[in-house]
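> Can you look at this prediction? I've put the sequence above it.
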Amino acid sequence: MSAELIDGAAIASQVLDEQKQRVAVLWRKKVRPGLAAILVGENPASEVYVRNKARACEEVGLHSELHRLPANCSESDVLALISRLNGNAQVHGILVQLPLPSHLDSERILQSVRPDKDIDGFSWHNLGALVAGNTRLAPCTPTGVMVMLDRVGIEIEGRNAVVIGRSVIVGKPMALMLIGRGATVTVCTSKTRDLREHTSRADILVVAVGKPGLVDGTMIKPGAVVFDVGINRMPDGKLAGDVDFASAREVASHITPVPGGVGRMTVAMLIANTVSAAERLIQPKS
Ligand code: GUN
């Protein structure tokens with residue numbers, strides 16, 4: 001059996017088309033949703049992500065602005081910039097590109113973004129809402145996985161889901177979203193003893209660790225749905241996920257490729273979150 005590919009590029013393109021319609025409604029109300037990205041230092045991968053985000057903004061009709069700070073800037077420089085953007089009515093979404101240089105306190109910086117402009121969903125307010133099952137702005141990558149599950153028509157309730165990875169960006173919110181939909185969820189890490197014992201019971205498997213080849217076809221339950229969130233640059237310059245694609249696709253029923261899978265959805269969900277933030281921010285306060 002060869003698994004059906006989950007085409008992240010095609011689903012992301014659908015999601016972006018839907019955003020264009022929501023943006024048109026906002027334009028009629030004289031509101032142009034705006035996204036401000038903050039990039040500290042010169043990380044090549046971050047440069048690529050930020051460029052992709054700006055391109056998607058342009059495609060959908062969003063205002064986007066990039067604020068670059070030097071790698072040696074102080075924490076108060078970043079906090080002052082965020083404070084200005086928090087008060088700027090043209091900016092509906094603020095994104096601090098991670099990772100930040102190690103001398104900066106990422107947690108303090110992320111928590112200084114106004115929760116209603118926190119389009120990454122990393123503020124405690126938004127993460128808390130997710131825990132409570134009352135989702136507001138939620139982290140983009142796991143939201144993208146949920147949208148893919150729904151659009152491909154995969155049943156979630158009552159099924160075994162295994163998430164490998166426990167980051168705040170992917171693993172933890174992913175587990176919460178799957179729990180919210182009634183899956184039985186196990187969270188593993190790259191250090192989990194006998195990882196295979198867990199993965200081989202997963203109907204839905206999400207791998208988000210950053211270790212190429214961590215999961216191969218022998219560890220996957222026949223017919224499972226596999227989401228590979230890893231994006232690893234290999235010595236030959238090519239991108240690879242955390243899942244050994246060639247062996248996994250012989251066992252899974254559905255699988256996301258790298259590139260062209262989950263990564264494309266992350267950007268689409270960021271745009272959707274920015275539009276949601278703009279819709280909410282212009283609502284008259286009751
Ligand atoms: N770096 C890697 N993934 C992400 C993400 O989802 N958001 C931000 N802000 N930075 C990242």
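Perfect, thanks for sending it. Keep in mind the model is a prediction, meaning the values are calculated, not measured. Residues are numbered from 1 along each chain as shown.

> bridging residues for Leu5?
Ile255 (DSSP bridges).

> Quick check: it touching Ala252?
No. Using CB atoms under 8 Å, Leu5 makes no contact with Ala252, being 10.1 Å away. Backbone N, C-alpha and C define where each C-beta goes, glycine included.

> More neighbours: these two, which one.
For Leu5 versus Ala252, the count of surrounding residues by other CB atoms under 10 Å is larger for Ala252: 25 against 15.

> With adjacent residues omitted, what lies nearest to the more buried one?
In space, and not counting its chain neighbours, Ala252 is closest to Ala3: 4.1 Å by CB to CB, 6 or more residues apart in numbering.

> Check the gap between the one you found and Ser247 for me.
11 Å (CB to CB, to the nearest Å).

> Also Leu35?
39 Å.

> swap in Asp116?
On the measure of CB to CB, Asp116 and Ser247 end up 45 Å apart.

> State whether Lys30 is indeed within a helix.
No. Counting by DSSP: H, G, I helix; E, B strand; the rest coil, Lys30 is not found in a helix; it is coil.

> and it, how many residues sit next to it?
Neighbours of Lys30 (other CB under 10 Å): 7.

> these two touch, right, the residue nearest to Ala252 and Ala248?
Yes. Counting by CB under 8 Å, Ala248 is a contact partner of Ala3 at 7.4 Å.

> buried stuff in stretch 254-272?
Neighbour-count burial for stretch 254-272 flags 254-258, 260-272 (criterion: 16 or more other CB atoms under 10 Å).

> picking up where we left off before, compare neighbour counts for Leu35 and Ser247 and give me the winner.
Neighbour totals were compared for Leu35 and Ser247, and Leu35 leads with 27 against 16 (other CB under 10 Å).

> Report the secondary structure element holding the more buried one.
Using DSSP states H and E, the element containing Leu35 is strand 34-40.

> Tell me which helix or strand comes right after that strand.
Counting by DSSP H and E, what follows strand 34-40 is helix 44-60.

> Can you name every helix or strand that that next one contacts?
Here helix 44-60 touches helix 8-28, strand 34-40, strand 63-69, helix 262-281, going by 3 or more CB pairs under 8 Å, 6 or more residues apart in numbering; DSSP states H and E.

> Figure out which of these is closest to Glu47.
Closest of the helices and strands packed on helix 44-60 to Glu47 is strand 34-40, at 7.4 Å (criterion: CB to CB).

> Now do the closest one and helix 262-281, the angle between them.
130 degrees (axes from the mean of the first three to the mean of the last three CA atoms, to 10 degrees).

> a markdown table for the helices and strands packed on helix 44-60, including distance to Ser112 and mean pLDDT?
Below are the helices and strands packed on helix 44-60 laid out as a markdown table (distance: least, CB to CB, whole Å; pLDDT from 0 to 100):
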| stretch | distance to Ser112 | mean pLDDT |
| --- | --- | --- |
| helix 8-28 | 26 | 98 |
| strand 34-40 | 11 | 98 |
| strand 63-69 | 14 | 98 |
| helix 262-281 | 16 | 97 |
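
> show me the contacts for Glu279.
Glu279 makes contact with Arg22, Leu26, according to CB atoms under 8 Å, 6 or more residues apart in numbering.

> hang on, I meant Asn160
Neighbours of Asn160 in contact, by CB under 8 Å, 6+ apart: Ala183, Thr184, Thr186, Arg201, Ala202, Asp203, Ile204.
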